[in-house]
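Kindly generate the corresponding structure for this input.
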Amino acid sequence: MPTATEYFGISVSNIGPLTTTYTPPPECTRATTDHLVYALESSLVYGLGSPDCEIDPYGKCLPSGAAMDSIIKEYSNPKSGQGIHAFHSPGIHCPEGWTTAGLLAHGDKTGSAYRSGVFTSTTSVNSSYPLQMGSDEWWLKVLEPSETLAWCCPSGWASLPYGFCRSSIAPALSAGYKNACYEGVAETAGIVTVHTVEGEPVSDTDGLLSFLPDITYTTETVALTEQWSDPSLVASMVIARQFPAVEMIYKVEDVEAAKNGSKDDDDDKDGKAKDDDNAASTLSVVGGVASGVALIVGLLTGAGLLMPW
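The predicted structure is shown next:
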């Protein structure tokens, strides 16, 4: 696991290994009434709030759901720092029914990086305003040279930057969703723009958003048409489900240990070997490294909940 536990106020926490295939209840990815957010039909990457001010617990839907729920509860209000990312290390198996969404590691050359999947995304917000630091940027400051980060999302779901997985359910208005909860803070009270991080200038000339610690956020439920004045925007919204990506960190030796492990460790309860498309055997080695949650600030921002007013 990384020796660094923080960068730019973003904390990382190892919530345990994930070296076997965790099987969540089937209803976790089939349900349509929990973990809901609004998003654009044309691009699920844009979150536009949530119908409910409460964050639904994850429980058995995630490999360490109880730990995740505890982290969320502890962090929720007031906020502390830039956020928390929970990861599994060593982690080499996506949950059953989930698939690898992206891989990130240091490259062979100084300053280079190996990227796949969501970490190669070029989707960006066309804005002259400062944005949050990208997940890939700060993860590369945390990862050791021999480590690889893997994100997992439910199969068929969209994998998004900042560590989210989303799946569209239906057009929001036709499904009866007309109100949204927004969580916010006066911009001058809880958010500042910075142009240097750890003594180094940031590449974006507009700077980066930095969330101040121990800030109490307020919530407000308003009609979608009140929050968003453009009728065509509201009409283009869908109701979607959102889960955090399951984040795993592993080294080459973790993969080799899994390959050479006891067959009994890979057998299911019926004594039959389990066929896992995301098993360690599918992870390759690139450039000498295995190539394969800010969880809360990211979770809220990704849902469009952190709306300064």
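
contacts and neighbour counts: CA atoms only from here.
Fine.

And for residue 29, nearest residue in space, chain neighbours not counted?
Using Cα to Cα, 6 or more residues apart in numbering and skipping residues adjacent in sequence, the residue nearest residue 29 is residue 154, 7.2 Å away.

which ones are touching that neighbour?
Applying Cα atoms under 8 Å, 6 or more residues apart in numbering, we find residue 154 in contact with 29, 97, 98, 99, 165.

Keep only those of those that are in helices.
Using DSSP state H, residue 29 are the members of those that sit in helices.

Identify those among the contacts of residue 154 that sit within strands.
Assigned to strands by DSSP state E, the following of those qualify: 98, 99, 165.

picking that back up, how close does the residue nearest to residue 29 sit to residue 137?
Going from residue 154 to residue 137 by Cα to Cα, to the nearest Å gives 24 Å.

Likewise for residue 257?
Distance, residue 257 to residue 137, using Cα to Cα: 29 Å.

Give the pairing partners of whichever strand or helix holds residue 114; include direction for each.
Assigned by DSSP states H and E, residue 114 falls within strand 113-117. Next to strand 113-117 in the sheet, as set by DSSP bridges, lie strand 98-106 (antiparallel).

what are the C-alpha coordinates of the strand it pairs with, in CSV please?
Provided in CSV are the C-alpha atoms of strand 98-106 (Å, rounded to 0.1, in the frame of the first residue of the first chain):
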residue,chain,number,x,y,z
TRP,A,98,-18.2,-5.6,-11.8
THR,A,99,-15.4,-4.9,-14.3
THR,A,100,-12.2,-3.0,-14.5
ALA,A,101,-12.9,0.6,-15.3
GLY,A,102,-9.4,1.9,-15.5
LEU,A,103,-5.8,1.4,-14.5
LEU,A,104,-3.2,4.0,-13.4
ALA,A,105,0.5,3.5,-12.7
HIS,A,106,3.8,5.3,-13.0
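
Could you list the residues in contact with it?
94, 112-119, 136, 140, 143-155, 159, 277-278, 289-292.

who's in contact with stretch 61-80?
With Cα under 8 Å, 6+ apart, stretch 61-80 has contacts from 15-16, 18, 22-25, 28, 57-60, 83, 86, 95, 212-217, 246, 296.

Just the buried residues of the residues you listed.
15-16, 18, 22, 24, 28, 57-58, 83, 86, 95, 215, 217, 246, 296 (16 or more other Cα atoms under 10 Å).

Run through the bridge partners of residue 168.
Using DSSP bridges, the bridge partners assigned to residue 168 are residue 240.

I'd like the numbering to begin with 714 instead of 1 from here.
Sure, I'll start counting at 714 from here, so that last one is residue 881.

and it, what is it in contact with?
Counting by Cα under 8 Å, 6+ apart, residue 881 touches 754, 757, 951, 952, 953, 954.

Out of those residues, which is nearest to residue 914?
residue 757 (31.1 Å; Cα to Cα).

Verify the contact between the closest one and residue 879 for me.
Yes: shown here, residue 757 and residue 879 form a contact pair, counting by Cα atoms under 8 Å, at 6.9 Å.

Where does the prediction get shaky in this protein?
Flagging of the chain using pLDDT under 70 yields the residue ranges 714, 790-794, 835-841, 898-902, 927, 974-1022.

Show me the residue at the heart of it, geometrically.
Nearest residue to the geometric centre of the chain (Cα atoms, centre = their mean): residue 876, 1.8 Å.

Once you drop chain neighbours, what's closest to it?
Counting by Cα to Cα, 6+ apart, residue 958 is the residue found nearest to residue 876 once chain neighbours are left out, at 5.2 Å.

where does that neighbour sit relative to residue 884, distance-wise?
Computed as Cα to Cα, the residue 958 to residue 884 distance reads 24 Å.

who's more crowded, those two?
The neighbour comparison of residue 958 against residue 884 (other Cα atoms under 10 Å) goes to residue 958, with 28 against 20.

tell me the contacts of the more buried one?
Shown in contact with residue 958 (Cα under 8 Å, 6+ apart): 864, 865, 866, 872, 876, 877, 878, 1006.

hmm, which two among those are most spread apart?
872 and 1006 (14.2 Å).

So these two - more neighbours on which side?
Set residue 872 next to residue 1006 and count neighbours by other Cα under 10 Å: residue 872 wins out with 29 against 25.

just checking, the more buried one touches residue 832?
No: with contact defined as Cα under 8 Å, residue 872 does not reach residue 832; the gap is 9.7 Å.

Now for residue 811, how many residues are close by?
If we define neighbours as other Cα under 10 Å, then residue 811 has 23 of them.

Not counting its neighbours along the chain, what's nearest it?
Counting by Cα to Cα, 6+ apart, the residue nearest residue 811 is residue 867, at 3.9 Å.

where's that neighbour relative to residue 889, distance?
Relative to residue 889, and taking Cα to Cα, residue 867 is found at 26 Å.

Many thanks, have a good one.
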